[in-house]
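>>> Structure of the sequence below:
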Amino acid sequence: MIGGWWQAWRRRQEARALARRSIPDALWQHTLARYPFLQRLSAADMTELRRLASLFLDKKEFTGAGGLVVTDEMAVAVAAQACLPVLRLGIEQYDDFVGIVMHPDEVVARREVMDETGVVHQYDELLSGEAMVGGPMMLSWQDAGERAADADDRDGLAYNVVIHEFAHVLDMRDGVADGVPLLPNAQAQAHWHDTLMAEYDRFSERVVCGYDTVVDPYGAEAPEEFFAVASEAFFVTPEALKEEQPVMYRLLASFYRQTP
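The predicted structure is shown next:
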C-alpha cells in the first residue's frame, strides 16, 4: 500500500518536472545535430535521453562566471551530454550536487602540493572542467560546446569535458576518486580494480613509449583520470576504443550498460 502510494507520488513529481523543463523540439534537434556521437542512439534511447535531460535541468542550477550568460542552448547541450552516461543508470546518480558553474573558456586554478620532504609547491593549472565531491561542478563552455562538437576530430583523440567530469561524479559516489565507481559488492569492486589497473598499466606503457592512443594520454596521470578519459572514448569514439583496448571497452560497457 505504502509502496504504491510512493510510486504514484514519484510519477506525479516527475511529470511536473518534465512539464516545467520541457525541451522545445527545435532546440532538441539542434542539440542532437551539433553533437554527432548522440546520433548513434536508437529512437527509443533518444526519447529516454531527452526525458533525462529535462529532469537534469529541473534538478541542477546553472551559474555563469566571467561574464558568461548561460542560455537555454548551453544548458540543454550540457544536460544531453551529461545524461548520456546515465542513460541506463538513472538521473539519481547525480543527486549528490546541484550547482554547475559555466565559464566562457578554460580557467587558471592556483594549486598547492606538499612533496615527500614536507615542502609545499605552488603552481597554476589550466582547467576546462572540474568535479568535486558535493559540487559545484565547473565547466568551460568553449570545451563543452564547440570543442565537444568536434570531439572525434581532435588530433585523433576522443574529447568531451562534460562526459569526463560526470564520469568523475560517478567515480566519486563512493566518496573517493580512484577510478572505481560505486559497485554492488566487494567482489565486483575487486574485479573492477584488477581489470582497470591492468588496462591502466598497459595504456600508460603505450603513452611512455610514445605510441598514438585513442584515449587521451592525460589518462596516464592516475587511474581516476584514465577512467574519465576512457569514458570519453567509450561514448565519443567507441569503435576505436573497442579496437585498441577491447577489455576496457567491455569493462565500461558492463558499468554503463550500453554498447555504443
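>>> When you work out contacts or count neighbours from here on, use the C-alpha atoms and nothing else.
OK.
>>> Just the helices from this structure, written as ranges.
Assigned by DSSP state H, the helices in the chain fall at 2-20, 25-34, 43-59, 72-83, 141-142, 148-149, 161-171, 186-208, 223-236, 238-244, 246-256.
>>> So which bits of the second one are buried?
By 16 or more other CA atoms under 10 Å, the buried positions in helix 25-34 come out as Trp28, Thr31, Leu32, Arg34.
>>> contacting residues around Glu225?
The contact partners of Glu225, by CA atoms under 8 Å, 6 or more residues apart in numbering, come to Gly179, Tyr218, Gly219.
>>> Mind putting the buried residues of helix 25-34 into TSV with pLDDT and distance to Val70?
Shown next, in TSV, are these (pLDDT from 0 to 100; distance: CA to CA, whole Å):
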residue	pLDDT	distance to Val70
Trp28	97	17
Thr31	96	15
Leu32	95	19
Arg34	94	18
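>>> will you turn those residues into a markdown table that also has distance to Ala65?
A markdown table is the format used below for these (distance: CA to CA, whole Å):
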| residue | distance to Ala65 |
| --- | --- |
| Trp28 | 25 |
| Thr31 | 23 |
| Leu32 | 26 |
| Arg34 | 24 |
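>>> Looking at the helices of the chain, which is nearest to Ile91?
Across those, Ile91 has its closest neighbour in helix 43-59 (6.4 Å, CA to CA).
>>> For that closest one, which helices and strands make contact with it?
helix 2-20, helix 72-83 (3 or more CA pairs under 8 Å, 6 or more residues apart in numbering; DSSP states H and E).
>>> Name the residues of that helix that come out as buried.
Here helix 43-59 shows 46, 48-59 as buried, counting by 16+ other CA under 10 Å.
>>> wait, which of the residues you listed is closest to Asp72?
Scanning those for proximity to Asp72, where the rule is CA to CA, the winner is Leu57, at 9.8 Å.
>>> Tell me how far the closest one lies from Arg20.
Counting by CA to CA, to the nearest Å, the gap from Leu57 to Arg20 is 9 Å.
>>> circling back: out of the helices of the chain, which is closest to Met102?
That would be, of the helices of the chain and by CA to CA, helix 141-142, which comes in at 6.2 Å.
>>> From the rest of the structure, what touches that closest one?
Met74, Met102, His103, Pro104, Asp105, Glu106.
>>> Give me the residue ranges of the protein where confidence is low.
Applying pLDDT under 70 to the chain flags residues 1-3, 5-6, 9, 111-115, 118-121, 123-124, 151-156.
>>> Quick one: residues contacting the residue nearest to the spatial centre of it.
The residue lying closest to the centre of the chain (CA atoms, centre = their mean) is Ile163, at 2.4 Å. Neighbour list for Ile163: Gln81, Ala82, Leu84, Pro85, Ala228, Ser231, Glu232 [criterion: CA under 8 Å, 6+ apart].
>>> Looking at those, which is nearest Ala149?
Looking across the contacts of Ile163 and measuring by CA to CA, the closest to Ala149 is Gln81, at 10.6 Å.
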